[in-house]
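Asks: Quick one: sequence and predicted model below, then my questions.
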Amino acid sequence: HQVVGRARVLVQMVAQMRRQTNPTAFGVEWAGVAEAVGTGVRVLWESGNGARDPLPEVEVYTDGSAALGKAGWGMVVVKDGVEMEAMSGPIEVGERTNDVAELMGVQRAVEWAVAHETSVTVRYDSQYAADHAQGRSRVRRNKREVAAVQRAVRAAKGVVKIGWKHVKGHSGDRWNDRAD
């Protein structure tokens, strides 16, 4: 597994370098293998049977909220329908908005995955937070917070796999409600 992990890191680096040095050639040469995401590259890994890798089994549900000048984040780690860990905390510096709290929930989930050397699927209800974490949206506000979550996601690459899956907020999903 370590050799495969290192090989994936090298492929990721080569794809990123090719995109930076010749974006037009990248689009042609890497079509179906990798795609441009924001300013980065995402390699489309496949399993031996030609199907995309499944999402990691460990899920981390994330959420954030803000009201009356206060904000906080929450996350719940779940495997096979069983809660493994739950964490939450306040936003103590900078803007105390819902978007900042959502970004922090995603950041803490990624940091948890790295600290526990566990690949995870981040289950988010904030498209804003997920898009910015993955570099898929132009950053117009909360630049410091977006940069921090993007650093966490970059640091996770080559260490663990991070999958992404949306869950509708306030829809009765047990784990999303728990993270909330």
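Replies: Yep, it's here.

Asks: So which bits of stretch 17-26 are buried?
Replies: Buried residues in stretch 17-26, counted by 16 or more other Cβ atoms under 10 Å: 18-19, 26. (Each C-beta comes from the backbone N, C-alpha and C, glycine too.)

Asks: Distance from the chain centre to it, please.
Replies: From the chain centre to the centre of stretch 17-26 is a distance of 24 Å (Cα atoms, centre = their mean, to the nearest Å).

Asks: Need the contact partners of it.
Replies: Residues outside stretch 17-26 that contact it (Cβ atoms under 8 Å, 6 or more residues apart in numbering): 15, 29-30, 34, 36, 41.

Asks: what about 6 Å?
Replies: Residues from elsewhere that reach stretch 17-26 (Cβ atoms under 6 Å, 6 or more residues apart in numbering): residue 41.

Asks: next one: stretch 57-76
Replies: The contact list for stretch 57-76, computed with Cβ under 6 Å, 6+ apart, reads 77-79, 86-88, 90-91, 96-98, 101-102, 104-106, 108-109, 118, 120-124, 175-176, 178-180.

Asks: mind listing what's buried in that stretch?
Replies: Across stretch 57-76, burial judged by 16+ other Cβ under 10 Å covers 58-66, 71-76.

Asks: Check stretch 171-180 too.
Replies: Across stretch 171-180, burial judged by 16+ other Cβ under 10 Å covers 173, 175-176, 179-180.

Asks: With distance to residue 153 and secondary structure added, can I get these in JSON lines?
Replies: JSON lines is the format used below for the buried residues of stretch 171-180 (distance: Cβ to Cβ, whole Å; DSSP: H, G, I helix; E, B strand; the rest coil):
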{"residue": "173", "distance to residue 153": "23", "secondary structure": "coil"}
{"residue": "175", "distance to residue 153": "21", "secondary structure": "helix"}
{"residue": "176", "distance to residue 153": "21", "secondary structure": "helix"}
{"residue": "179", "distance to residue 153": "19", "secondary structure": "helix"}
{"residue": "180", "distance to residue 153": "22", "secondary structure": "coil"}
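
Asks: which stretches of the chain aren't confidently modelled?
Replies: By pLDDT under 70, the low-scoring segments of the chain are 1-5, 32, 45-53.

Asks: 90 instead?
Replies: Within the chain, the segments meeting pLDDT under 90 span 1-57, 79-81, 92-95, 125, 135-139, 141, 157-159, 167-180.
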